[in-house]
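> Just a sequence and a predicted model for now, questions to come.
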Amino acid sequence: MAEEYETLMHRWFEEVWNKGREEAIDELFAEDGIGHGLPTEDGEPIRGPKEFKPFYRKFREAFPNTKIAISEVVSDGERIACVCQVSALHEGRGLGVDPTNRQVEFSGMVLIKVRDGKIIESWNAFDFMKMYSEVGALTLDLK
């Protein structure tokens, strides 16, 4: 079973993100699924494919050529964790930042819980500060 769930994690990143198949969201994310760390505009966790898709569309608009590579996977029954690397070119305005045509590379960690072959809960921790810094939307003065 753990191998099947690991395959689900790989399918999520390959189908949804690398191939840009929005319809795969419905195939892999449960209607009652919860996505922590990717808040709605109200600051609440994303719930189900219907709330995930606006986030997905905005991100894909900003970074239409997103590629995500999984570097580590650990599974324990119905829970699977992975470390991944995100690489993309900032070509659109989807995140409210004018396109810079800059390459971004940042990492993330995801933990998912699976039921009946679909993601029912996920915890997402991506280095979005690095991403925004790489497109020039965030500067930190640490002096």
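Sure thing, it's come through. Numbering: from 1, shown residues only.
> Name the single longest helix found in this structure.
helix 48-62 (DSSP state H).
> Give me the longest strand you can find in this structure.
strand 103-115 (DSSP state E).
> Given that strand, what are its sheet partners and their directions?
strand 79-89 (antiparallel), strand 118-126 (antiparallel) (DSSP bridges).
> what's the angle from the first one to helix 48-62?
Yep, that's strand 79-89 we're talking about. Using axes from the mean of the first three to the mean of the last three C-alpha atoms, to 10 degrees, the inter-axis angle of strand 79-89 relative to helix 48-62 is 30 degrees.
> on that earlier part again, ok, and for the longest helix of the chain, which residues are buried?
Neighbour counts using 16 or more other C-beta atoms under 10 Å place 48-49, 51-52, 55-56, 59-60, 62 of helix 48-62 among the buried residues. C-beta: built from backbone N, CA, C; applies to glycine.
> How about stretch 16-27?
Those would be 16-17, 24-25, for stretch 16-27 by 16+ other C-beta under 10 Å.
> shaky segments in the chain?
Applying pLDDT under 70 to the chain flags residues 1-5, 138-143.
> Just list the residues touching the nearest residue to residue 67 once chain neighbours are set aside, thanks.
Excluding the flanking residues, the one nearest residue 67 by C-beta to C-beta, 6 or more residues apart in numbering is residue 87, at 4.9 Å. Each residue near residue 87 by C-beta atoms under 8 Å, 6 or more residues apart in numbering is listed here: 66-69, 103-105.
> for the helix or strand just after the longest helix of the chain, which positions count as buried?
Where DSSP states H and E defines the elements, the next helix or strand beyond helix 48-62 is strand 67-76. Using 16+ other C-beta under 10 Å as the test for burial, strand 67-76 gives 68, 70, 73, 75.
> Run through the bridge partners of the last one.
Spelled out, that is residue 75. residue 80.
> Would you agree it is in contact with residue 7?
No - Residue 75 lies out of contact with residue 7 (C-beta atoms under 8 Å); the separation is 10.3 Å.
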